[in-house]
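Novice: The sequence and its predicted three-dimensional model are supplied below.
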Amino acid sequence: MTDSSASSFETHLGYWLRYVSNHVSHAFKLKVESLGVTVAEWVVLRALFEADDVNPSQIAETLGMTRGAISKLVDRLLAKRLISCRHDKNDRRFQSLLLTAAGRKLVPKLAALADQNDAEFFAPLCPEQRSALLDVLKEIVRHHNLKNVPVE
């Protein structure tokens, strides 16, 4: 005899959100990796595209990441020559990050992959449904005051 007091996975919104999210995220991960970056690196590149010439702690705060995590990502992006680091001549500890020409050229390509990924996964929704889903998700984020940008 089975105990029916335990709810099934399928009765939980969180299950379905995670199910869809995992598939959307995995497909996007494969797309960006085909251009030589990780999703986390893409997030940093996109942030720098908007606010070039910022210090790593500002990026960490904007993205809700630790300074250690940003430091590792910065090192990887420097090695790939997608960003550069400028030190203050009066204080060598202070640095600002900038996209290189290669990084600035790559961001629109990665953004197009994000657009493509969304189009593929959310194609079954009409524009009104898509807008409603976006509004609901944003309301959940607002209500819970969620800050950390998803990078995985």
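Specialist: Thanks, I have it.
Novice: Tell me where the protein has helices.
Specialist: Using DSSP state H, the helices of the chain run over 13-33, 39-50, 56-63, 67-79, 101-122, 127-144.
Novice: Can you tell me which of those is most buried?
Specialist: Highest mean neighbour count among these (mean count of other C-beta atoms under 10 Å): helix 39-50, with a mean of 20. In short, each C-beta sits where N, CA and C put it, glycine included.
Novice: got the angle for it vs helix 56-63?
Specialist: Relative orientation of helix 39-50 versus helix 56-63 (axes from the mean of the first three to the mean of the last three C-alpha atoms, to 10 degrees): 110 degrees.
Novice: start the count at 29, not 1, going forward
Specialist: Yes, from this point I'll number from 29; that puts the last item at helix 67-78.
Novice: okay but Phe149 is in contact with Val48, surely?
Specialist: Yes. Using C-beta atoms under 8 Å, Phe149 is in contact with Val48, at 7.5 Å.
Novice: re the thing from before, for the helices of the chain, which has the smallest mean pLDDT value?
Specialist: Lowest mean pLDDT within the helices of the chain: helix 84-91, a mean of 90.
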